[in-house]
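# sequence unknown, structure follows:
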């Protein structure tokens, strides 16, 4: 075989990450090293730059195959002496077949006692050893039926996790050719139900390695030190599977239960938490811990080095780090100990946010494809409306909403969910079940007028808002409701839009006073909502007479902004003026559009609930007594 044949023989295929040897001239040996061009370096590191998951496992697949070959070799070496002994026994000594052991009659009388003693011993030993057993649940890649394509509404997060997975799969390439340190642990943080566990399972399935799932509460024990032993056992199992399969992924659910900050100053401090956190910190840096065989070889080398001169001493084998990726999930990242979040422990923190409108639309399409539904829900308008009315919903909440909709469809005798089922399920989940409360005729008319006032003001000045549901059905503490949402995804609001929300809240009270001359006790929740919005404008958003903002007053803060703002006399007067002005403006709009209020009131009295387009249809048919409706009312500007 000549040099050219050697280079073209597939048995001499080189590492795919290196430049192909077939490009060398025939008959030329190893070329002189030269600087690599940028395009060659890109080809060398192509697995690391791939925008898709490395399907063949990269370095993980090679390590798994090497581990399998080593296991076969050790199995062959273990069976070889037995095979040799059986061959010698059969060919040289010509012994007969193996016989069963024979016990004398005097011994058989004691066998039940011996068996009972052995059973008690096993129970006692198992109880002691089982207390420190790892509480994980092992999932093989074939047992997980989800992939990255099944994760909807989180494209940015999925892409970041995919790149982390490629680093995990090509860890040797990243370390040896680029000199980098692969990520050891990543933290999934975000609100509940945003898909942290779901994506972790998809990551393990795409990686094709064992997935060790464990809940933090499973580590906790009433016995002192048992929690630490379980954590050590868990990471020991991770290292064992990683060395056997080329890699392993560990997922710790609600890691804040065992990783809470040690600096609690006695407030909410759990006994022994400092020792548990210390153990977790140590184990997150234990991936280079040598195996039992490596430690035995090290002891043998130490023993031999005692008798050898210093220049001839043997070198102890360095342990190969296990390829492990630990994923921690929590929705209380502020409670974690700061030492857990430093580089070298959890190297990367990935935030799972609630899906945007486009993400919710993708999730709706994904789940509706699996659930029986009417043709109405295949319309683009309906699906866009469903994505809009589920603002603030997590993927799990959207799935639950559709499941509840199926239940409502079954209750009415249908075999597929409809738009009415979706709206009914949404109101039931958010507000409560509809009660068959019997109103008096006067009370029913006042409630209908109240809700019609809300809807009329929302239609007039709620630019960019959609009227979803208008109802006078009692649900929990609400005698009626107007559900309205943003027509488009919004993250900020202008001053005029904030004032519009106050005016919509004042619409019910203004309608009662306009039609009945006085208001009822049903306006209490409206006033509370309007007051809270006005206090945010004055004290937190700089929309009042002062630009000074108390940082403790915020839209999402835990402090109560209303009480803080109302404690200041000047701010209280400004809030009072804002509320009074908004109420007067709402009353003026309702007075000019009295016919719209009456049309909505009469429709509610006849049908109890109006959904979506039904509200606009009633408004469109409303005709004023003195002639046609004034033009441009829906575009009324707020001064």
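Received the coordinates, thanks. Because the structure is a prediction, the values reported are computed rather than measured.

# wait, residue 450 sits on residue 511?
Yes - Residue 450 is within contact range of residue 511, at 5.9 Å (criterion: CB atoms under 8 Å). The way it works is simple: take the backbone N, C-alpha and C, and place the C-beta from them, glycine included.

# how is this protein partitioned into domains?
Following automatic domain parsing, the chain resolves into domains at 3-44, 137-262+273-298+317-351, 357-430, 437-635.

# which one of those lies closest to residue 77?
Among those, the nearest to residue 77 by CB to CB is domain 137-262+273-298+317-351 (13.3 Å).

# beta partners of the closest residue to residue 255 other than its chain neighbours?
With sequence-adjacent residues excluded and distances taken as CB to CB, 6 or more residues apart in numbering, residue 255 is closest to residue 328, at 3.8 Å. Assessed by DSSP bridges, residue 328 has beta-bridge partners residue 187, residue 252.

# which residues are in contact with residue 328?
Residue 328 makes contacts with 185-188, 251-252, 255, 259, 340, 346, as judged by CB atoms under 8 Å, 6 or more residues apart in numbering.

# the protein: strands as residue ranges?
137-139, 185-189, 211-215, 248-253, 324-330, 348-351, 434-435, 465-471, 474-475, 481-486, 609-611 (DSSP state E).

# possible to save these as TSV with distance to residue 176?
Output for those, formatted as TSV (distance: least, CB to CB, whole Å):
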stretch	distance to residue 176
strand 137-139	30
strand 185-189	21
strand 211-215	26
strand 248-253	21
strand 324-330	18
strand 348-351	22
strand 434-435	66
strand 465-471	57
strand 474-475	64
strand 481-486	52
strand 609-611	63
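
# got TSV for those, with distance to residue 563 and mean pLDDT too?
Below are the strands of the chain laid out as TSV (distance: least, CB to CB, whole Å; pLDDT from 0 to 100):
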stretch	distance to residue 563	mean pLDDT
strand 137-139	47	88
strand 185-189	31	91
strand 211-215	39	90
strand 248-253	37	90
strand 324-330	31	91
strand 348-351	31	89
strand 434-435	32	80
strand 465-471	29	85
strand 474-475	28	85
strand 481-486	26	83
strand 609-611	36	86
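
# quick one, what contacts the residue nearest to residue 308 when sequence neighbours are not counted?
Once flanking residues are discounted, residue 308 sits nearest to residue 314: 7.1 Å by CB to CB, 6+ apart. Shown in contact with residue 314 (CB under 8 Å, 6+ apart): 301, 304-305, 308.

# can you rerun that using 10 Å?
Residue 314 is in contact with 297, 300-302, 304-305, 308, counting by CB atoms under 10 Å, 6 or more residues apart in numbering.

# what's it sitting at in phi/psi?
Here is the backbone geometry of residue 314 (degrees, to the nearest 10): phi -80, psi 150.

# flag the shaky bits of this protein, pLDDT-wise.
Where the chain drops to pLDDT under 70, the residues are 1-59, 92-108, 126-132, 264-272, 550-560, 625-639.

# quick check: longest helix of it.
Across the chain, the helix with the greatest residue count (assigned by DSSP state H) is helix 58-88.

# what angle do that helix and strand 248-253 make?
Calculated by axes from the mean of the first three to the mean of the last three CA atoms, to 10 degrees, helix 58-88 forms an angle of 120 degrees with strand 248-253.

# so what does helix 58-88 touch, helix or strand wise?
Other helices and strands packing on helix 58-88, by 3 or more CB pairs under 10 Å, 6 or more residues apart in numbering; DSSP states H and E, are helix 46-49, helix 155-169, helix 171-178, helix 226-245.

# what's the angle between it and helix 171-178?
120 degrees.

# ok, back up a step: so which of the domains of the chain gets nearest residue 76?
domain 137-262+273-298+317-351 (17.0 Å).

# all helices of the stretch 301-450 of the chain, in order?
Taking DSSP state H, counting those that start in this stretch, the helices of the stretch 301-450 of the chain run over residues 357-368, 380-389, 395-411, 419-430, 441-461.

# between the contacts of residue 314, which is closest to residue 477?
Residue 477 lies nearest to residue 297 out of these, by CB to CB, at 72.5 Å.

# what's the spacing between the residue lying closest to that closest one once chain neighbours are set aside and residue 323?
Excluding its sequence neighbours, the residue lying closest to residue 297 (CB to CB, 6+ apart) is residue 317, at 6.0 Å. Distance of residue 317 to residue 323, computed by CB to CB, to the nearest Å: 18 Å.

# then residue 408?
Relative to residue 323, and taking CB to CB, residue 408 is found at 49 Å.

# show me which of these two is the more surrounded one.
residue 323 (24 against 18; other CB atoms under 10 Å).

# now do the more buried one against residue 287, distance only.
According to CB to CB, residue 323 and residue 287 sit 8 Å apart.

# find residues that contact each of those two.
Both residue 323 and residue 287 are in contact with 184, 239, 242, where contact means CB under 10 Å, 6+ apart.

# tell me which of those residues is nearest to residue 397?
Using CB to CB, residue 184 comes nearest to residue 397 of these, at 32.8 Å.

# surely the closest one is in contact with residue 324?
Yes - with contact defined as CB atoms under 10 Å, residue 184 reaches residue 324; the gap is 7.0 Å.

# now list whatever residues contact both of those two.
Shared contacts of residue 184 and residue 324, defined by CB under 10 Å, 6+ apart, comprise 168, 284, 287.

# which of those residues sits closest to residue 414?
Nearest to residue 414 among these is residue 168, at 47.2 Å by CB to CB.

# how much space between the closest one and residue 248?
Relative to residue 248, residue 168 is positioned 10 Å away (CB to CB).

# list residues touching both of these two?
Common neighbours of residue 168 and residue 248 (CB under 10 Å, 6+ apart) are 60, 207, 209, 323-325.

# which of those count as buried?
Buried subset of the shared contacts of residue 168 and residue 248 (neighbour count, 16 or more other CB atoms under 10 Å): 60, 207, 209, 323-325.

# now do stretch 298-315: distance to the chain's middle.
A distance of 52 Å separates the centroid of the chain from that of stretch 298-315, by CA atoms, centre = their mean, to the nearest Å.

# measure it end to end?
9 Å (CA to CA, to the nearest Å).

# do the same with stretch 366-376
16 Å.
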